[in-house]
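K.L.:
show me the folded form of this:
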Amino acid sequence: MKKLWIEVEIGQDDVRAFKAARKDDGLSGGKVYEAMRKELNALVVDRIAAWRDAKVTVEELLDELRAEEGASVTINYDNPDFNGQPERTIEVAAPWNSFIGTTYGGDTLLKALQTAVEAKRKAKKE
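P.N.:
As a prediction, this is how the structure comes out:
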């Protein structure tokens, strides 16, 4: 197992906000920073655990989008223009969108696929 070290700059405004959120529970000096460190560490550990639990892969999302007969997913070229458009896009034509090719985008292929799957699930509920 490897250790990951994260450095975070903390200013006085951060300390005041941290203490205010805890109703100034007597923390002072180094105890404030130690409490902040413990809380941030817990957040990071929880987030990493969520990543492990998600285990969503591009292949699983593609399978979900293509599960219905006749459904197709087209992965488009990357957008290298930095023009405010999504970096990655896909087009989905399936029974749930009346086979109208609909484009979904995101910063990564995974994000674009997740956006399309969310749209599919929402359409299926309606």
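K.L.:
where's the spatially most central residue of the chain, which helix or strand?
P.N.:
Centre of the chain computed as the mean C-alpha position; nearest residue by CA atoms, centre = their mean is Lys111, 7.5 Å away. When elements are assigned from DSSP states H and E, Lys111 belongs to helix 109-125.
K.L.:
in the chain, which helix is the longest?
P.N.:
In the chain, assigned by DSSP state H, the helix with the most residues is helix 30-54.
K.L.:
in that one, which residues are buried?
P.N.:
32, 36 (16 or more other CB atoms under 10 Å). Where you see a C-beta, it was placed from the backbone N, CA and C, and this is true even at glycine.
K.L.:
so for the helix holding Lys111, mean pLDDT?
P.N.:
The average pLDDT for helix 109-125 rounds to 92.
K.L.:
what does that helix contact?
P.N.:
56, 58, 61-62, 64-65, 73, 75, 86, 88-90, 92, 94, 96-97, 102, 104-106 (CB atoms under 8 Å, 6 or more residues apart in numbering).
K.L.:
can I get the buried part of those residues as one PyMOL selection?
P.N.:
Selection of buried members from the contacts of helix 109-125 for PyMOL, criterion 16+ other CB under 10 Å:
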select buried, resi 61+62+64+65+73+86+88+89+90+92+94+96+102+104+105+106
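K.L.:
out of the contacts of helix 109-125, which sit inside helices?
P.N.:
Short answer: the contacts of helix 109-125 in helices (DSSP H) are 58, 61-62, 64-65.
K.L.:
now render these as CSV, adding pLDDT and distance to Asn41.
P.N.:
Output for the ones in helices among the contacts of helix 109-125, formatted as CSV (pLDDT from 0 to 100; distance: CB to CB, whole Å):
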residue, pLDDT, distance to Asn41
Val58, 86, 31
Leu61, 92, 31
Leu62, 94, 36
Glu64, 94, 35
Leu65, 96, 37
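K.L.:
ok, so of those residues, who is nearest Ala17?
P.N.:
Nearest to Ala17 among those is Leu61, at 37.9 Å by CB to CB.
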